[in-house]
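Participant: What would the 3D arrangement of this be:
(one chain, ligands or ions: 1)
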Amino acid sequence: MEKNKLDIYDLKVEYRKNPLGIDNLNPRISWKLKGNERGIKQSAYKIQVALDENFSNIVWDTSFVKSEQSVHVKYDGPELKSKTRYYYRVQIKDQKGSKSDWSNTAYWEMGLVNKNEWEAEWITSDYKNQNEKLQSCPIFRKDFTVNDNIKKARIYISSFGLYELSLNGKRVGDYYFTPGWTTYDQRLQYQTYDVTDLLKEGDNALGVILGDGWYKGDLMWNDKRGFYGDQTAVIMQLHIIYQDGRKELLKTDQSWKSTAGPIIMSDIYQGEIYDAREEISGWNQPAFNAEDWSEVKILDQDKEILLAQENEAVKKIEKIKPEKIFTTPAGETVIDMGQNMVGWIHFKVEGKAGDKVILKHAEVLDQDDNFYTGNLRGAEQKIEYILKGDGQESFEPHFTFQGFRYIKLEVYPGEVDLSDFTGVVLHSDMERTGEFSCSNSMINQLFENIIWGQKGNFLDIPTDCPQRDERLGWTGDAQVFVQTASYNMNTALFFTKWLRDLKCEQIDNGSIPAVIPDPEVNISAEERIIPVEIEHTSAAWGDAAVIVPWTIYLTYGDEQILKEQYESMKAYIEYIRNQGENEYLWNTGFHFGDWLALDSKENSYKGATSDDFVATAYYAYSTSLFLKIAEILGYKEDVREYSDLLKKIKENFRKEFVTPNGRLSEPTQTAHVLALYFDLVKEENRKRIIDTLAEYVDQRDGHLTTGFVGTPYLCHALSSNGYPELAYKLLEREEYPSWLYPVTKGATTIWEHWDSIKEDGSFWPDAMNSFNHYAYGAIGDWLYQVVGGINTNEEEPGFKKIIIDPKPGGSLKSARVRHESMYGKIISEWKLIDNRMKMEIEVPPNTTAVVILPDALVDTVRENDILLKNNTHNIEGIYNYKDIDEGVELEVGSGKYCFDFKLDTPA
Ligand code: RAM
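Facilitator: Sure thing, here's the model as predicted:
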C-alpha cells in the first residue's frame, strides 16, 4: 500500500455483507478504513446509492457530509422499493482533507416489503392425520415451465415448522432450521434466495420438505408437543424477471401436490428416522408423475406476521473428524469426536436394503467409561437410518440437532471405518470477532470451552443448553453471557431478533417470561409446564430486557436497539416498581436467586443470598442502566423521574441491607459482589465491603461460592477494587470449585454446575446436569477486559473510543486479545520479560484509544525504541501522556504501537 493511501473496506448494511431480502426501510450503512499512517480519522463521508452497478441511476447521493460517523449511517433517500437491489459505495476524507477512492461497490436487496405482496397461499399436507406423534415429514412438489433469458429469479419462503426447499433436485441455499424460531403467532421470518442459476429453460420443479421443528415438535419436558400448532405448512413465492422486463410469479396454491417422504420422524429433541427405501426418485425434478399424490389443503392463516429474516441464518460452520473409536466396558461401540459439539453426524455406509444404522449421542462417559445419556432426560438424540442397499449411501439429518461428544453405534451394518463419520457443527452464522490467548494453557482451554459453549448455544436463539429436553432461551443465562458473547462474535443481529421476541412476549404488566421465545405464550395458566407465578417474575432473568440492549449498544454503538427496546425496558422497571408495598424495594414474588451457587441449602438450587437482596440489587442496576439510556436518547422527563427513583432504591437498599456501620446484612460473596459492581453502597462503606469480600474468598470460604448471579461479576468486583491478585487466584485455581476444575476433568465446554462431574467422578443428578451451559463462561469478558485489557467507553460506544487497560497478574507472563470491532481490528498484547513489560497494540482507523501502561513510569517508556519523554512530537499518533497511579496513561490515534517499559514494582 502506498503511503498516505486510504482505503475503505468491509461495507455492510444492517451488519450484513450484500444481504438479500431485508425489509428495513432505513437500513444503516457501515464501513471500515484502512491506511498506512497513524492517527487516521474520517472528517467527511459521501455515500451514493444507485439502482445499477455503474451508478448511472443514482437514487441517493449524500455529497460530502462533514462527519466522523462511519458506523450505522442511516439511509435517508427516497423510499426503498420492494424486491429491488440497491448498489452503494462510499468515499471519505480524512482529517487532513485527503480523499479516498470510492470503495468497492456493495449492495443490498429489499425483500417483500409490503405485506399485500404475499399472494401465495399457506398450504399444508392432507395425506393423513397430522396429529399422530410419529409422522412422516410431508413433501410437496410443483412443476412449472420458464422461458429463456431470465434476468433474475428470487424465492421468498416461510413455514410453520421447518422447511427444506429444492429446485430441480438441488437444495436451495445453505441455511438450516429455517425459518428460525420466533414468536410464531406474531412474528414469522421468511427467507430470500437467489435462484436465477438454478432455473433452466423449459420444465422445472420445486420441492419442499416440512419438519415439525419448534413449531409442532416436542418442547420442554413433559412429553408435550404442538405448542404453536399441529399442522405444518409452507408459503412460497418465486418471482422471475426476464431480460425483456416480463415478470412471472409462481406461488404455493391449490395446484401443489403432497405426499409422505422418507423422513419417518424428525424432532428437535428426539432425532430423526429416515427410511431410504421410501425415497421417491425424481420427486423434486421435472417430468415426474405425481398423479397419485394428494391434493394440498389451503390454510387460512395470517400473512401479516411475515417478516424478512432478521439475524444471520444457521449454517454448517465447521466440520470435525472423530478422534477415535473404542469399545466400552459394557461392550458398546463408541466414537469420540474429541469435542462436545452441537450439530449432527454425517456418515457413509454400505449394506443391504433394510439394514439399519442407529446412532445415539451423549456428552460424556460415566464413571466406568460407559456411554451415558442420563442427563439428556427426555431427549432421545437418536438417529436411525434404514438403508436402501445400492452401494455407498450417505446421510445427515434434516430437522434436528444433537449436543454430543460421543456417538454410540447401536446398530451398524458391517465394519466401521472411522473416516466415514464427520461431525458437522451448525449455529447462527455470526462473524467471529474475538480471540484470547495467554501463557497459561489451562486458561486457553477454558477460553476455547467458552467459545464452544457459544457455538453450541447460539443456534438461532440463545439457549441454556443444547442437548436435554430443554434448549430454551432462558433470559438469565443470556443476560449474564451477552457481554462475553459479544466480544467473541458479532451478536448484534442475533440479539436484535431475540429482543424483538422478548418485547413481543412481554406481559401486559411489564414482566418478562423467563424463556424467550416462550413456547407457552398462548397456553392457559392451568395447563402451563412452568407456572406463571414462577415464569414471569424472577430478577436477574427479566433484567435481560435492559442489560442485553445496553450491551449491544456499548459493543456496536447501536443506538437503534435502545430506541426499539426503550418502552419495553421502561415497562419492565415499572413492573418491578409495582411489586409489593414499598416501591423502592423488590421483596415479593418468586425468584431463581443466585442459581446453583455453592452456598445453597441441601437440595436447593438457590444460593444463600436472599431473594430480596438479589432482586433489589438488580432493580437498582437495571434502573441505573435505563437512566443512562434515557439520557442518551434525550428523554429528559424520564431522566428526572428515574434518577429520583434510582436514588430512592439505593436509599432503601441501604436501609434494608447495610448496617449503620457499613456492613452488609448478608454474609455471602454474591451479596458483596452485587453491592460493589452495581454501585449500591456509600463511598465510605466500600472499603469495608471490598475487604470483607476478599476475606470470604480468600480465608473464610477459600474459593468462590457464587452462582449464576454472582459469578459473572466476581472477578470484576475484585480487580476493580484493589484485589486483582485475588481475582487471578480464582481464575487460575485448578481444584474444585473453580473455572479450571472442569478443564482438569477434560471438559471441552462450560458445565452447568461447578461440579457437573464431581471429584470422585460421579455426576450431579440427571434431573439437571448439562455439560454445555454457557453461563459460567461469562468469565470471558474479564479475560478480554482485564487480562487482555480491551474495553468500551460509554461516552463513545462501539469502540469509537477504546480503553486499553490490561492488568497482568497471577502466573501469567503474556496475554493477547483481539476484537474485530465495527471500526476494525483492536489488538492488545503484553509480555513480561524480567522486570520489563512489552505491550503491542493496534487501534483501528477513525477511533482513538486511551492506553494504560500498567506500573510504568514515564521516564522509561519507549515506543518502537524512541523514548517517550519529551518526544511526543516525534512519535506520530501519540497525543498525550501522563503519570497516573496505575502507571502511564496515553492517548493515541489509530495504528500499531509497540511499547517497552520498566516495571515500577517488579515482581
Ligand atoms: C434451568 C435452565 C437455566 C436456568 C433455569 C432457571 O432449567 O437450564 O440455565 O436459567 O433453570
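Participant: Following the chain onward from the lowest-mean-pLDDT helix or strand in the chain, which element is next?
Facilitator: Using mean pLDDT, DSSP states H and E, helix 532-535 stands out as the lowest-scoring helix or strand of the chain, at a mean of 82. Sequence-wise, the next helix or strand downstream of helix 532-535 (DSSP states H and E) is helix 544-556.
Participant: Would you mark the buried spots in the least confident helix or strand of the chain?
Facilitator: V532, E535 (16 or more other C-beta atoms under 10 Å). Where C-beta positions appear, they are placed from N, C-alpha and C, glycine not excepted.
Participant: can you tell if it touches the ligand?
Facilitator: No: counting by C-beta under 6 Å from any ligand atom, the ligand is not contacted by helix 532-535; separation bottoms out at 9.1 Å.
Participant: who's in contact with that helix?
Facilitator: Here helix 532-535 makes contact (C-beta atoms under 8 Å, 6 or more residues apart in numbering) with P513, A514, V515, D518, E520, A525, R528, G589, F590.
Participant: again, only this time at 10 Å
Facilitator: Here helix 532-535 makes contact (C-beta atoms under 10 Å, 6 or more residues apart in numbering) with 507, 511-515, 518, 520, 523-526, 528-529, 541, 589-592.
Participant: got the residues of this protein near the ligand?
Facilitator: Residues of the chain lying near the ligand by C-beta under 6 Å from any ligand atom: D464, C465, E470, W474, G476, D477, F592, W595.
Participant: List the contacts of the fifth one.
Facilitator: Going back to what we said before, that points to G476. By C-beta under 10 Å, 6+ apart, the contact list for G476 reads 464, 514-515, 538-544, 592, 595, 708-709, 775.
Participant: Could you look up the SS state of it?
Facilitator: helix (DSSP: H, G, I helix; E, B strand; the rest coil).
Participant: Next up, the contacts around N440.
Facilitator: By C-beta under 10 Å, 6+ apart, the residues touching N440 are L446, Y728, L731, E732, L740, V787, G810, S811, L812, K813, S814, A815.
Participant: Of those residues, just say which sits nearest to I884.
Facilitator: I884 lies nearest to V787 out of the contacts of N440, by C-beta to C-beta, at 20.2 Å.
Participant: Greatest separation within the residues of the chain next to the ligand: which pair is it?
Facilitator: Checking these against each other with C-beta to C-beta, the farthest-apart pair comes out as C465 and F592, at 15.5 Å.
Participant: So for the two, which residue has more residues nearby?
Facilitator: Neighbour count, other C-beta atoms under 10 Å: between C465 and F592, C465 has more, with 28 against 23.
Participant: Quick check: closest non-adjacent residue to the more buried one.
Facilitator: Excluding the flanking residues, the one nearest C465 by C-beta to C-beta, 6 or more residues apart in numbering is S770, at 3.8 Å.
Participant: Check E567 too.
Facilitator: Nearest residue to E567, sequence neighbours excluded (C-beta to C-beta, 6+ apart): K503, at 8.0 Å.
Participant: Tell me the most packed of the contacts of G476, by neighbour count.
Facilitator: Using other C-beta under 10 Å as the neighbour criterion, V709 leads the contacts of G476 with 32 neighbours.
Participant: Need phi/psi at it.
Facilitator: When read as degrees, to the nearest 10, the backbone of V709 gives phi -80, psi -40.
Participant: where do the helices sit along the stretch 501-650 of the chain?
Facilitator: Along the stretch 501-650 of the chain, the segments classed as helices by DSSP state H, counting those that start in this stretch run 532-535, 544-556, 559-577, 611-633, 636-657.
Participant: Would you check that T259 makes contact with W293?
Facilitator: Yes: counting by C-beta atoms under 10 Å, T259 sits close enough to W293 to count as a contact (4.4 Å).
Participant: shared neighbours of the two, which are they?
Facilitator: Joint contacts of T259 and W293 (C-beta under 10 Å, 6+ apart) are S125, Y127, I139, F140, R141, I280, W283.
Participant: For the stretch 751-900 of the chain, give me the ranges with low pLDDT.
Facilitator: 872 (pLDDT under 70).
Participant: I misspoke; the intended subject was the chain.
Facilitator: Within the chain, the stretches with pLDDT under 70 are 1-4, 127-134, 872, 906-907.
Participant: rerun that using 90 as the cut-off
Facilitator: For the chain, applying pLDDT under 90 flags the ranges 1-5, 126-135, 148, 222-223, 390, 521-526, 531-537, 601-603, 869-875, 904-907.
Participant: State which strand of it is the longest.
Facilitator: Using DSSP state E, we find that the single longest strand of the chain is strand 333-349.
Participant: what comes up buried for that strand?
Facilitator: Neighbour count says strand 333-349 has 333-335, 337, 339-347, 349 buried, by 16+ other C-beta under 10 Å.
Participant: for stretch 892-907, same thing?
Facilitator: Under 16+ other C-beta under 10 Å, the buried positions of stretch 892-907 are V892, G893, S894, G895, Y897, F899, D900, F901, K902, L903.
Participant: Can you name the residue of the stretch 501-650 of the chain nearest the ligand?
Facilitator: In the stretch 501-650 of the chain, the residue that lies nearest the ligand is F592 (4.6 Å; C-beta to the nearest ligand atom).
Participant: can you give me the angle the helix or strand harbouring K319 makes with strand 333-349?
Facilitator: Per DSSP H and E: K319 is located in strand 314-320. Here strand 314-320 runs at an angle of 120 degrees relative to strand 333-349 (axes from the mean of the first three to the mean of the last three C-alpha atoms, to 10 degrees).
Participant: Remind me what the helix or strand following strand 314-320 packs against, helices and strands.
Facilitator: Using DSSP H and E, the helix or strand that follows strand 314-320 in sequence is strand 324-327. Under the contact criterion of 3 or more C-beta pairs under 10 Å, 6 or more residues apart in numbering; DSSP states H and E, strand 324-327 touches strand 333-349, strand 402-411.
Participant: What strands line up against the first one, and which way round?
Facilitator: According to DSSP bridges, the neighbouring strands of strand 333-349, each with its direction, are strand 324-327 (antiparallel), strand 393-395 (antiparallel), strand 402-411 (antiparallel), strand 421-428 (antiparallel).
Participant: Could you list the buried residues of the third one?
Facilitator: Under the neighbour-count criterion of 16+ other C-beta under 10 Å, strand 402-411 has Q402, G403, F404, R405, Y406, I407, K408, L409, E410 buried.
Participant: So the second one versus V425, what's the distance?
Facilitator: The spacing between G403 and V425, counted by C-beta to C-beta, to the nearest Å, is 11 Å.
Participant: Can you pull the residues that touch both of those two?
Facilitator: M341, V342, G343, G456.
Participant: Adding distance to D300, write the residues you listed out as TSV.
Facilitator: As requested, those are exported to TSV (distance: C-beta to C-beta, whole Å):
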residue	distance to D300
M341	42
V342	37
G343	37
G456	39
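Participant: Of those, which is the nearest to G173?
Facilitator: Closest approach between those and G173, by C-beta to C-beta: G343, at 17.4 Å.
Participant: Report the contact partners of the closest one.
Facilitator: For G343, the contacting residues are 176, 314, 316-320, 396-397, 401-404, 422-427, 455-456, 459, 466, by C-beta under 10 Å, 6+ apart.
Participant: In ChimeraX, how would I select the buried members of those?
Facilitator: Buried subset of these, written as a ChimeraX selection, criterion 16+ other C-beta under 10 Å:
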select :176,314,316,396,397,401,402,403,404,422,423,424,425,426,427,455,456,459,466
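Participant: Could you say which helix or strand holds F481?
Facilitator: Following DSSP H and E, one finds F481 within helix 475-488.
Participant: ditto for L693
Facilitator: Element membership for L693 (DSSP H and E) is helix 683-695.
Participant: I'd like to know which elements that helix is packed against.
Facilitator: The helices and strands touching helix 683-695, judged by 3+ C-beta pairs under 10 Å, 6+ apart, are helix 669-677, helix 711-719, helix 724-732.
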